[in-house]
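Asker: Structure here, sequence nowhere to be found:
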(Lines give C-alpha, C1' and ligand atoms only; values in the text may rest on other atoms or scores of the structure.)
Protein backbone atom coordinates (compact mmCIF):
# COMPACT_ATOMS: atom_id res chain seq x y z
CA UNK A 1 0.00 0.00 0.00
CA UNK A 2 2.80 2.41 0.89
CA UNK A 3 4.50 1.70 -2.44
CA UNK A 4 1.24 2.29 -4.26
CA UNK A 5 0.75 5.66 -2.55
CA UNK A 6 4.30 6.92 -3.02
CA UNK A 7 5.05 5.66 -6.52
CA UNK A 8 1.67 5.74 -8.24
CA UNK A 9 -1.03 7.70 -6.44
CA UNK A 10 0.96 10.65 -5.06
CA UNK A 11 2.64 11.67 -8.38
CA UNK A 12 -0.73 11.63 -10.10
CA UNK A 13 -2.38 13.68 -7.38
CA UNK A 14 0.43 16.25 -7.65
CA UNK A 15 0.04 16.32 -11.43
CA UNK A 16 -3.75 16.67 -11.10
CA UNK A 17 -3.54 19.54 -8.60
CA UNK A 18 -0.82 21.30 -10.60
CA UNK A 19 -2.94 21.17 -13.74
CA UNK A 20 -5.91 22.66 -11.90
CA UNK A 21 -3.88 25.41 -10.20
CA UNK A 22 -2.14 26.44 -13.44
CA UNK A 23 -5.36 26.31 -15.45
CA UNK A 24 -7.33 28.35 -12.92
CA UNK A 25 -4.49 30.87 -12.56
CA UNK A 26 -4.44 31.44 -16.31
CA UNK A 27 -8.23 31.77 -16.21
CA UNK A 28 -7.88 34.36 -13.43
CA UNK A 29 -5.29 36.43 -15.31
CA UNK A 30 -6.82 36.60 -18.80
CA UNK A 31 -10.08 38.45 -17.90
CA UNK A 32 -8.04 41.07 -16.05
CA UNK A 33 -6.21 41.86 -19.28
CA UNK A 34 -9.47 42.88 -20.98
CA UNK A 35 -10.71 46.48 -20.93
CA UNK A 36 -14.01 45.52 -19.24
CA UNK A 37 -14.33 46.77 -15.66
CA UNK A 38 -17.22 44.90 -13.97
CA UNK A 39 -17.63 47.58 -11.32
CA UNK A 40 -17.99 50.46 -13.78
CA UNK A 41 -20.10 48.30 -16.07
CA UNK A 42 -22.53 47.55 -13.24
CA UNK A 43 -22.74 51.23 -12.24
CA UNK A 44 -23.31 52.23 -15.88
CA UNK A 45 -26.09 49.65 -16.18
CA UNK A 46 -27.83 51.00 -13.09
CA UNK A 47 -27.46 54.60 -14.27
CA UNK A 48 -28.78 53.75 -17.74
CA UNK A 49 -31.98 52.46 -16.15
CA UNK A 50 -32.82 55.99 -15.09
CA UNK A 51 -31.56 55.80 -11.52
CA UNK A 52 -30.80 59.21 -10.01
CA UNK A 53 -27.98 58.79 -7.51
CA UNK A 54 -25.83 61.47 -5.89
CA UNK A 55 -22.03 61.29 -6.28
CA UNK A 56 -21.48 60.15 -2.68
CA UNK A 57 -23.82 57.20 -3.15
CA UNK A 58 -22.12 56.29 -6.42
CA UNK A 59 -18.74 56.27 -4.70
CA UNK A 60 -20.09 54.12 -1.88
CA UNK A 61 -21.60 51.78 -4.47
CA UNK A 62 -18.28 51.63 -6.32
CA UNK A 63 -16.46 50.67 -3.11
CA UNK A 64 -19.03 47.99 -2.27
CA UNK A 65 -18.95 46.50 -5.77
CA UNK A 66 -15.14 46.52 -5.82
CA UNK A 67 -15.13 44.45 -2.65
CA UNK A 68 -17.94 42.22 -3.93
CA UNK A 69 -16.02 41.39 -7.11
CA UNK A 70 -12.79 40.86 -5.17
CA UNK A 71 -10.98 43.73 -6.91
CA UNK A 72 -9.80 45.61 -3.84
CA UNK A 73 -6.14 45.61 -2.81
CA UNK A 74 -2.99 44.86 -4.77
CA UNK A 75 -2.91 42.24 -7.58
CA UNK A 76 -1.30 39.72 -5.20
CA UNK A 77 -3.97 40.37 -2.55
CA UNK A 78 -6.69 40.01 -5.18
CA UNK A 79 -5.20 36.68 -6.29
CA UNK A 80 -5.20 35.19 -2.79
CA UNK A 81 -8.65 36.62 -2.11
CA UNK A 82 -9.84 34.92 -5.29
CA UNK A 83 -8.49 31.53 -4.15
CA UNK A 84 -10.01 31.99 -0.71
CA UNK A 85 -13.42 32.62 -2.24
CA UNK A 86 -13.01 29.82 -4.74
CA UNK A 87 -12.29 27.28 -2.01
CA UNK A 88 -15.53 28.38 -0.35
CA UNK A 89 -17.41 27.96 -3.62
CA UNK A 90 -17.87 31.71 -4.05
CA UNK A 91 -17.30 32.82 -7.65
CA UNK A 92 -18.86 36.23 -7.12
CA UNK A 93 -22.02 37.70 -8.63
CA UNK A 94 -22.98 37.54 -12.27
CA UNK A 95 -22.58 40.88 -14.00
CA UNK A 96 -25.44 40.20 -16.40
CA UNK A 97 -27.79 38.84 -13.69
CA UNK A 98 -26.61 40.91 -10.74
CA UNK A 99 -26.65 40.05 -7.85
CA UNK A 100 -27.32 36.34 -8.59
CA UNK A 101 -24.22 34.26 -7.64
CA UNK A 102 -22.31 32.69 -10.52
CA UNK A 103 -22.12 29.35 -8.69
CA UNK A 104 -25.91 29.23 -8.37
CA UNK A 105 -26.47 29.82 -12.10
CA UNK A 106 -23.85 27.23 -13.06
CA UNK A 107 -25.38 24.78 -10.59
CA UNK A 108 -28.73 25.17 -12.35
CA UNK A 109 -27.29 24.71 -15.87
CA UNK A 110 -24.65 22.03 -15.25
CA UNK A 111 -27.07 19.10 -14.67
CA UNK A 112 -28.61 19.64 -18.12
CA UNK A 113 -25.17 19.41 -19.75
CA UNK A 114 -24.19 16.31 -17.77
CA UNK A 115 -27.49 14.56 -18.53
CA UNK A 116 -26.62 14.92 -22.22
CA UNK A 117 -22.86 14.48 -22.12
CA UNK A 118 -22.46 11.38 -19.95
CA UNK A 119 -24.97 9.07 -21.74
CA UNK A 120 -23.82 10.30 -25.17
CA UNK A 121 -20.15 9.59 -24.42
CA UNK A 122 -20.94 6.12 -23.07
CA UNK A 123 -23.22 5.18 -25.99
CA UNK A 124 -20.83 6.44 -28.68
CA UNK A 125 -17.83 4.78 -27.00
CA UNK A 126 -19.49 1.37 -26.57
CA UNK A 127 -21.17 1.12 -29.96
CA UNK A 128 -18.36 2.81 -31.91
CA UNK A 129 -15.76 0.38 -30.59
CA UNK A 130 -18.05 -2.63 -30.93
CA UNK A 131 -18.96 -2.00 -34.57
CA UNK A 132 -15.40 -0.92 -35.39
CA UNK A 133 -14.09 -4.29 -34.23
CA UNK A 134 -16.82 -6.16 -36.12
CA UNK A 135 -16.10 -4.21 -39.29
CA UNK A 136 -12.41 -5.09 -39.10
CA UNK A 137 -12.98 -8.78 -38.36
CA UNK A 138 -15.68 -9.18 -41.01
CA UNK A 139 -14.36 -6.93 -43.82
CA UNK A 140 -16.63 -8.42 -46.50
CA UNK A 141 -19.87 -7.57 -44.68
CA UNK A 142 -21.77 -4.98 -46.74
CA UNK A 143 -23.57 -3.45 -43.74
CA UNK A 144 -20.28 -2.79 -41.94
CA UNK A 145 -18.87 -1.19 -45.09
CA UNK A 146 -21.78 1.24 -45.19
CA UNK A 147 -21.35 2.02 -41.49
CA UNK A 148 -17.64 2.64 -42.08
CA UNK A 149 -18.34 5.14 -44.85
CA UNK A 150 -20.86 6.97 -42.69
CA UNK A 151 -18.45 6.94 -39.74
CA UNK A 152 -15.63 8.37 -41.86
CA UNK A 153 -17.90 11.15 -43.08
CA UNK A 154 -19.43 12.09 -39.73
CA UNK A 155 -16.18 12.09 -37.73
CA UNK A 156 -14.70 14.81 -39.94
CA UNK A 157 -17.70 17.15 -39.59
CA UNK A 158 -17.78 19.70 -36.74
CA UNK A 159 -20.41 19.25 -34.04
CA UNK A 160 -22.34 22.39 -34.95
CA UNK A 161 -22.78 21.36 -38.60
CA UNK A 162 -24.15 17.95 -37.60
CA UNK A 163 -26.44 19.71 -35.12
CA UNK A 164 -27.75 22.11 -37.77
CA UNK A 165 -28.38 19.28 -40.25
CA UNK A 166 -30.31 17.21 -37.69
CA UNK A 167 -32.25 20.29 -36.62
CA UNK A 168 -33.27 21.22 -40.17
CA UNK A 169 -34.15 17.66 -41.20
CA UNK A 170 -35.97 16.38 -38.11
CA UNK A 171 -37.48 19.60 -36.78
CA UNK A 172 -38.30 21.46 -39.99
CA UNK A 173 -38.67 19.17 -43.01
CA UNK A 174 -39.73 16.14 -40.96
CA UNK A 175 -41.10 17.65 -37.73
CA UNK A 176 -40.56 14.66 -35.46
CA UNK A 177 -38.78 16.44 -32.62
CA UNK A 178 -39.01 19.86 -30.92
CA UNK A 179 -37.05 22.72 -32.44
CA UNK A 180 -35.18 23.94 -29.35
CA UNK A 181 -35.02 24.02 -25.58
CA UNK A 182 -35.20 21.26 -22.97
CA UNK A 183 -38.96 21.58 -22.45
CA UNK A 184 -41.81 23.74 -23.83
CA UNK A 185 -41.78 27.45 -22.99
CA UNK A 186 -43.79 28.17 -19.87
CA UNK A 187 -43.33 24.66 -18.48
CA UNK A 188 -42.08 24.41 -14.92
CA UNK A 189 -39.54 21.60 -14.46
CA UNK A 190 -40.97 18.79 -12.34
CA UNK A 191 -38.69 15.76 -12.24
CA UNK A 192 -41.25 13.80 -10.25
CA UNK A 193 -43.68 13.94 -13.17
CA UNK A 194 -43.37 11.12 -15.78
CA UNK A 195 -44.98 13.40 -18.36
CA UNK A 196 -42.34 16.08 -17.86
CA UNK A 197 -39.54 13.49 -18.07
CA UNK A 198 -40.93 12.18 -21.37
CA UNK A 199 -41.16 15.74 -22.69
CA UNK A 200 -37.58 16.39 -21.60
CA UNK A 201 -36.33 13.21 -23.29
CA UNK A 202 -38.13 14.20 -26.49
CA UNK A 203 -36.30 17.54 -26.49
CA UNK A 204 -32.96 15.87 -25.68
CA UNK A 205 -32.96 13.34 -28.53
CA UNK A 206 -31.49 15.60 -31.25
CA UNK A 207 -28.79 17.19 -29.04
CA UNK A 208 -27.77 13.75 -27.76
CA UNK A 209 -27.84 12.30 -31.28
CA UNK A 210 -25.39 15.00 -32.39
CA UNK A 211 -22.85 13.99 -29.76
CA UNK A 212 -23.39 10.27 -30.38
CA UNK A 213 -23.00 10.47 -34.16
CA UNK A 214 -19.77 12.46 -34.14
CA UNK A 215 -18.34 10.40 -31.28
CA UNK A 216 -19.40 7.11 -32.90
CA UNK A 217 -17.52 7.93 -36.09
CA UNK A 218 -14.30 8.65 -34.23
CA UNK A 219 -14.41 5.53 -32.05
CA UNK A 220 -15.43 3.34 -35.01
CA UNK A 221 -12.50 4.41 -37.18
CA UNK A 222 -10.02 4.21 -34.31
CA UNK A 223 -11.13 0.74 -33.24
CA UNK A 224 -11.07 -0.61 -36.79
CA UNK A 225 -7.53 0.63 -37.25
CA UNK A 226 -6.39 -1.01 -34.02
CA UNK A 227 -8.09 -4.35 -34.65
CA UNK A 228 -6.76 -4.51 -38.22
CA UNK A 229 -3.23 -4.66 -36.79
CA UNK A 230 -4.11 -7.14 -34.03
CA UNK A 231 -5.79 -9.65 -36.36
CA UNK A 232 -2.43 -10.64 -37.85
CA UNK A 233 -0.77 -11.18 -34.45
CA UNK A 234 0.57 -14.67 -33.72
CA UNK A 235 -1.70 -15.34 -30.76
CA UNK A 236 -4.79 -14.56 -32.85
CA UNK A 237 -3.61 -16.83 -35.69
CA UNK A 238 -2.87 -19.58 -33.16
CA UNK A 239 -6.37 -19.24 -31.65
CA UNK A 240 -7.88 -19.58 -35.12
CA UNK A 241 -5.84 -22.69 -35.93
CA UNK A 242 -6.81 -24.13 -32.53
CA UNK A 243 -10.43 -24.10 -33.67
CA UNK A 244 -11.82 -21.43 -31.33
CA UNK A 245 -15.06 -19.79 -32.43
CA UNK A 246 -14.84 -16.48 -34.25
CA UNK A 247 -16.97 -14.74 -31.63
CA UNK A 248 -14.66 -15.88 -28.83
CA UNK A 249 -11.56 -14.81 -30.75
CA UNK A 250 -13.12 -11.43 -31.49
CA UNK A 251 -14.18 -10.71 -27.91
CA UNK A 252 -11.40 -12.31 -25.84
CA UNK A 253 -8.37 -11.95 -28.12
CA UNK A 254 -8.95 -8.96 -30.38
CA UNK A 255 -11.36 -6.54 -28.71
CA UNK A 256 -9.88 -7.07 -25.26
CA UNK A 257 -6.47 -5.97 -26.54
CA UNK A 258 -7.64 -3.21 -28.87
CA UNK A 259 -9.91 -1.53 -26.31
CA UNK A 260 -7.00 -0.57 -24.04
CA UNK A 261 -5.65 2.30 -26.20
CA UNK A 262 -9.23 3.48 -26.63
CA UNK A 263 -9.56 4.04 -22.88
CA UNK A 264 -6.46 6.23 -23.07
CA UNK A 265 -7.95 8.10 -26.02
CA UNK A 266 -11.20 8.57 -24.08
CA UNK A 267 -9.37 10.50 -21.36
CA UNK A 268 -7.60 12.61 -23.98
CA UNK A 269 -10.71 13.62 -25.96
CA UNK A 270 -12.97 14.49 -23.02
CA UNK A 271 -12.09 18.17 -23.36
CA UNK A 272 -12.96 18.14 -27.06
CA UNK A 273 -16.25 16.35 -26.42
CA UNK A 274 -17.13 18.84 -23.68
CA UNK A 275 -16.45 21.83 -25.95
CA UNK A 276 -18.52 20.17 -28.68
CA UNK A 277 -21.38 19.75 -26.23
CA UNK A 278 -21.27 23.46 -25.40
CA UNK A 279 -21.46 24.44 -29.08
CA UNK A 280 -24.28 21.96 -29.66
CA UNK A 281 -26.29 23.49 -26.79
CA UNK A 282 -26.12 26.90 -28.44
CA UNK A 283 -27.47 25.49 -31.73
CA UNK A 284 -30.41 23.77 -30.03
CA UNK A 285 -31.08 26.49 -27.46
CA UNK A 286 -30.51 23.91 -24.75
CA UNK A 287 -30.34 25.42 -21.22
CA UNK A 288 -26.95 23.99 -20.29
CA UNK A 289 -23.48 25.39 -19.71
CA UNK A 290 -23.03 26.21 -23.41
CA UNK A 291 -26.03 28.54 -23.58
CA UNK A 292 -24.96 30.13 -20.30
CA UNK A 293 -21.45 30.69 -21.68
CA UNK A 294 -22.57 32.32 -24.92
CA UNK A 295 -24.83 34.77 -23.04
CA UNK A 296 -21.95 35.61 -20.73
CA UNK A 297 -19.64 36.29 -23.70
CA UNK A 298 -22.17 38.57 -25.40
CA UNK A 299 -22.75 40.57 -22.20
CA UNK A 300 -19.05 40.68 -21.17
CA UNK A 301 -19.96 38.89 -17.93
CA UNK A 302 -16.39 37.97 -17.10
CA UNK A 303 -17.31 36.52 -13.69
CA UNK A 304 -19.60 34.00 -15.39
CA UNK A 305 -17.05 33.24 -18.12
CA UNK A 306 -14.37 32.66 -15.51
CA UNK A 307 -16.70 30.49 -13.42
CA UNK A 308 -17.67 28.27 -16.38
CA UNK A 309 -14.03 27.91 -17.41
CA UNK A 310 -13.02 26.92 -13.87
CA UNK A 311 -15.77 24.30 -13.67
CA UNK A 312 -14.70 22.96 -17.08
CA UNK A 313 -11.04 22.72 -16.07
CA UNK A 314 -11.86 20.92 -12.82
CA UNK A 315 -14.37 18.59 -14.47
CA UNK A 316 -12.17 17.50 -17.38
CA UNK A 317 -9.04 17.21 -15.18
CA UNK A 318 -10.96 15.10 -12.66
CA UNK A 319 -12.29 12.77 -15.37
CA UNK A 320 -8.77 12.29 -16.78
CA UNK A 321 -7.41 11.71 -13.25
CA UNK A 322 -10.01 9.02 -12.56
CA UNK A 323 -9.29 7.32 -15.90
CA UNK A 324 -5.59 7.35 -15.07
CA UNK A 325 -6.23 5.64 -11.73
CA UNK A 326 -8.54 3.03 -13.24
CA UNK A 327 -6.38 2.21 -16.26
CA UNK A 328 -4.40 -0.60 -14.56
CA UNK A 329 -7.70 -2.39 -13.98
CA UNK A 330 -8.20 -2.61 -17.75
CA UNK A 331 -4.59 -3.30 -18.72
CA UNK A 332 -2.84 -5.97 -16.62
CA UNK A 333 0.49 -4.94 -18.15
CA UNK A 334 0.30 -1.68 -16.20
CA UNK A 335 0.95 -1.95 -12.50
CA UNK A 336 0.43 0.48 -9.63
CA UNK A 337 4.12 1.28 -9.42
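Answerer: Now that the structure is in, tell me what you want to look at. Only a predicted model underlies this, so the values are computations on that prediction, with no experimental measurement involved.
Asker: For residue 262, give me its contacts.
Answerer: 125, 129, 219, 222-223, 226 (C-beta atoms under 8 Å, 6 or more residues apart in numbering). Heads up, the C-betas are built off the backbone N, CA and C, glycines and all.
Asker: Grab the two from those that are most spread out in space.
Answerer: 125 and 226 (13.8 Å; C-beta to C-beta).
Asker: ranges for the helices of the chain?
Answerer: Under the criterion DSSP state H, the chain contains helices at 2-4, 10-29, 38-48, 55-68, 75-87, 102-137, 142-155, 159-167, 194-230, 234-241, 246-248, 256-284, 289-298, 302-330.
Asker: hmm, back to that, which one among the contacts of residue 262 gets closest to residue 174?
Answerer: Using C-beta to C-beta, the contacts of residue 262 come closest to residue 174 at residue 219, 27.4 Å.
Asker: Share the number of residues neighbouring that closest one, please.
Answerer: 25 (other C-beta atoms under 10 Å).
Asker: Please name the nearest non-neighbouring residue to it.
Answerer: Spatially, and ignoring its direct neighbours in sequence, residue 219 is nearest to residue 128 (2.7 Å; C-beta to C-beta, 6 or more residues apart in numbering).
Asker: what does residue 227 give?
Answerer: Using C-beta to C-beta, 6+ apart, the nearest residue to residue 227 is residue 136, at 3.9 Å.
Asker: What's the local residue count around that neighbour?
Answerer: 24.
Asker: wait, residue 276 sits on residue 213?
Answerer: No. Using C-beta atoms under 8 Å, residue 276 is not in contact with residue 213, being 11.1 Å away.
Asker: which ones are touching the residue nearest to residue 219?
Answerer: Per C-beta under 8 Å, 6+ apart, neighbours of residue 128: 151, 215-220, 222-223.
Asker: that older thread, okay if I get the contacts of residue 262 as TSV plus pLDDT?
Answerer: Below are those laid out as TSV (pLDDT from 0 to 100):
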residue	pLDDT
125	89
129	88
219	87
222	84
223	86
226	84
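Asker: between the residues you listed, which has the most around it?
Answerer: For the contacts of residue 262, neighbours tallied by other C-beta under 10 Å; top is residue 223, 28 neighbours.
Asker: quick check, nearest of the contacts of residue 262 to residue 286?
Answerer: residue 125 (21.5 Å).
Asker: Which residue comes closest to residue 268 once chain neighbours are left out?
Answerer: Spatial nearest neighbour of residue 268, chain neighbours left out: residue 320 (7.8 Å); criterion: C-beta to C-beta, 6+ apart.
Asker: check contacts around that neighbour.
Answerer: Here residue 320 is in contact with 267-268, 270 (criterion: C-beta under 8 Å, 6+ apart).
Asker: Quick check: which ranges of the chain have low pLDDT?
Answerer: 1-7, 34-62, 64-73, 271-272, 328-337 (pLDDT under 70).
Asker: Could I get the contacting residues of the residue sitting nearest the centre point of it?
Answerer: Residue closest to the average C-alpha location in the chain (C-alpha atoms, centre = their mean): residue 274, at 2.3 Å. Going by C-beta under 8 Å, 6+ apart, residue 274 touches 117, 312, 315-316.
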